[in-house]
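# take this sequence and fold it.
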Amino acid sequence: MLKKYKPKIIGVTGSVGKTSTKDAIYEVTKNYLSVSKSEKSYNSADIGVALTILGCQSAWYSILGWLDIFFHGLFLIIFKKDYPKWLVLEIGVEYPGEIAQIVKWVKFDHAVVTFLPDMPVHVEFFSSPAEVIKEKMLLAKAVPAQGKVLINADDKNVAAHLGGIKGEILTFGFNDLADYRAEAQGVLYDETGLPSGLTFKFEHNGKSLPVRVGGVVGEHQIYPVLAALALGDILGVNVIEMIEVLKDYKPAAGRLRVLPGLKNSVVLDDTYNSSPAAVAAGLKTLSLLQVKGRRIAVLGDMLQLGTYAPEAHREIGYLAAEVCDLVYTVGLRSKFIDEVFIEKGLGEKVRHFDDSLSAGQTLQNEIEAGDVILVKGSQSMRMEKTVVEIMAEPDKKEKLLVRQEAEWL
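Presented below is the predicted three-dimensional model:
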């Protein structure tokens, strides 16, 4: 099908922020280009990327559903049909060789590498964190000489893997040398003093333009928006018009979205997935917010870290101990976070739960006005169940939270 329709393809990879970056690119270009994107987080080599190319969603356990997808693809091949001129594909990695497999049959015109932390998710299946980074950089190296490769100027790990990239390298970030730069980042607050969004200045070619994005906070949430503005500029989209679109843009559910909580509290819903870098970023965000009440974190296990799990959870424990007035931990591995609090003589600040629902049911009775609550954990921990119990509008959970489909429930 790719041979028949010949769409231009943008690949987005990294260990943090892939979905948010893919969504932001689509948002700022959809009114100007014929473009489609990966649904949700369909990013796996075996089926996610193929579903995106077909323009379909997973049929889960339905045989009839998968047959329908098959015949839809056959129809696209046999008959001429309107097809997007651009595809924005999110490319993930769970096992060695996945990106090497994808680049054999998908030809990428441009690529964005979001962030490659020291301890990436899925490291359990690789010999070392460096091997995960090496695998992800194969996407950048697959871009031809006439293409563009956008990389994070603030990511020290990517610098060692630039050899072999044929496309033009452009950078985005807070670094003074970045081609597309953000500065003067800040938090927006509503009339009650609760956080409601983020703001920064977009710097490029001597121009400085203010950007506002509602419903999300965190310095690390600026990177997806910045990458989207950069790529849109590369594709010829007017920057001022893109910034105007971003005023109404809402990042995907579970990506540090700001939600009203019970008793005039605020919930930072970061429940889509988890990794050491993402939890650290969430805790940093929590530490920098103006808070009238307490800083609370509900932290579920970070999975797929293999032998690195104890060390990684303990590191998060040290960060949380510095930031939080109260921490709820959920799951077997998160007990390493508890250990840090106990060792530091802060045992009264941490409480452990076996599941996310119990944590939410207990916390809803202890929330006070002005509290800001970060909720974070890997997919399998189902931390969105905690959010349902503490959000002010649980009747809107289908629209606001991740994993609300019947198959998940």
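# hey, where'd the strands end up in the stretch 201-350 of the chain?
Secondary structure of the stretch 201-350 of the chain (DSSP state E, counting those that start in this stretch): strands located at 207-214, 257-261, 265-270, 295-300, 326-330, 350-353.
# I'd like the distance between Lys250 and Asp269.
Lys250 sits 12 Å away from Asp269, going by CB to CB, to the nearest Å. Where C-beta positions appear, they are placed from N, C-alpha and C, glycine not excepted.
# what sits against Val330?
For Val330, the contact set (CB atoms under 8 Å, 6 or more residues apart in numbering) comprises 298-301, 352-356, 359, 377, 381, 383, 386.
# what's the closest non-adjacent residue to it?
Nearest residue to Val330 in three dimensions, chain neighbours excluded: Gly300, at 4.2 Å (CB to CB, 6 or more residues apart in numbering).
# would you confirm that that neighbour contacts Leu374?
No - counting by CB atoms under 8 Å, Gly300 stays clear of Leu374, with 11.4 Å between them.
# in the stretch 1-150 of the chain, which spans are strands?
For the stretch 1-150 of the chain, applying DSSP E, counting those that start in this stretch gives strands covering 8-13, 35-37, 86-90, 110-113, 148-152.
# now do the contacts for the residue nearest to Met119 when sequence neighbours are not counted.
Nearest residue to Met119, sequence neighbours excluded (CB to CB, 6+ apart): Pro276, at 4.4 Å. If a contact means CB under 8 Å, 6+ apart, then Pro276 has Pro117, Asp118, Met119, Met302, Leu305, Ala312, Glu315, Ile316 as its contacts.
# repeat that for Pro260.
Pro260 makes contact with Val266, Val267, Met391, Ala392, Glu393, according to CB under 8 Å, 6+ apart.
# again with Arg403
Arg403 is in contact with Gln379, Arg382, Glu384, Leu409, counting by CB under 8 Å, 6+ apart.
# at 7 Å what do you get?
Listed by CB atoms under 7 Å, 6 or more residues apart in numbering, the contact partners of Arg403 are Arg382, Glu384.
# point out where this protein drops to low pLDDT.
Scanning the chain for pLDDT under 70 picks out the ranges 1, 38-46, 48, 52, 56, 58-61, 66, 69-80.
# could you pull out the helices for it?
2-5, 18-29, 48-54, 63-78, 98-105, 129-141, 222-234, 239-246, 276-288, 309-323, 335-343, 356-363, 384-390, 397-400 (DSSP state H).
# good, wrapping up.
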